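> need a 3D model of the sequence below.
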Amino acid sequence: MSHEDTSASSFRCAAVTFDCPDPAELARFYGKALGLPVVSSTDDFVLLGQEGAAGLGFNRLTDYRRPTWPDPSQEKQAHIELGVDDLDVAQDRLLALGAVKPEFQPDPDRWRVLLDPAGHPFCISTLV
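Below is the predicted model of the structure:
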């Protein structure tokens with residue numbers, strides 16, 4: 001007997017959601033960075049996306065605490081990896097949109113770690 005149930009529905013990633021103090025602010029940042037439009041929006045939740053692709057959601061969390069990466073006192077929980085053609089050009093654009101570049105960079109010739117406006121670490125890489 002196969003472990004695969006052929007009668008089960010197939011699954012796909014519909015969205016990844018980040019907790020944050022201001023969903024509109026974080027949605028503006030990622031929307032401009034990735035060219036994604038707002039699919040739905042309330043005061044407490046914003047969803048970005050495009051037809052046929054997984055979306056990015058931003059959920060207001062009243063007691064949100066910024067990650068302290070690389071200091072482990074408030075772990076990052078998750079981060080997103082963005083593929084880019086040119087690290088320096090992409091980094092400059094994201095910094096202009098409101099990202100912050102932490103001093104510690106594990107391998108800056110291969111990828112860069114940046115922080116979004118809510119403090120979530122994310123990486124840009126030409127390897128993706």
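
> measure the residue nearest the centre of the chain to G119 for me?
Geometric centre of the chain, nearest residue: I80, 4.4 Å, by Cα atoms, centre = their mean. I80 sits 13 Å away from G119, going by Cβ to Cβ, to the nearest Å. Placement of C-beta: from N, CA and C, glycine included.

> skip the chain neighbours and tell me the closest residue to the residue nearest to the centre of the chain.
Excluding the flanking residues, the one nearest I80 by Cβ to Cβ, 6 or more residues apart in numbering is F122, at 4.7 Å.

> and for K76?
P67 (4.2 Å).

> likewise for T17?
Leaving aside its chain neighbours, T17 sits nearest to G57 (3.5 Å; criterion: Cβ to Cβ, 6+ apart).

> re the thing from before, the residue nearest to I80 sits in which helix or strand?
Using DSSP states H and E, F122 maps to strand 121-125.

> elements contacting that strand?
With contacts taken as 3 or more Cβ pairs under 8 Å, 6 or more residues apart in numbering; DSSP states H and E, strand 121-125 sits against strand 81-83, helix 87-97, strand 111-115.

> need those in JSON lines with mean neighbour count and distance to T42, can you?
Below are the helices and strands packed on strand 121-125 laid out as JSON lines (neighbours: other Cβ atoms under 10 Å; distance: least, Cβ to Cβ, whole Å):
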{"stretch": "strand 81-83", "mean neighbour count": "13", "distance to T42": "26"}
{"stretch": "helix 87-97", "mean neighbour count": "14", "distance to T42": "23"}
{"stretch": "strand 111-115", "mean neighbour count": "20", "distance to T42": "25"}
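
> so which of these is nearest G31?
Taking Cβ to Cβ, helix 87-97 is the member of the helices and strands packed on strand 121-125 nearest to G31, at 9.7 Å.

> what angle separates that closest one from strand 121-125?
Helix 87-97 and strand 121-125 are oriented at 150 degrees to each other (axes from the mean of the first three to the mean of the last three Cα atoms, to 10 degrees).

> what sits up against helix 87-97?
The contact list for helix 87-97, computed with Cβ atoms under 8 Å, 6 or more residues apart in numbering, reads 29, 32-33, 82, 84, 101, 108, 111-112, 114, 124-126.
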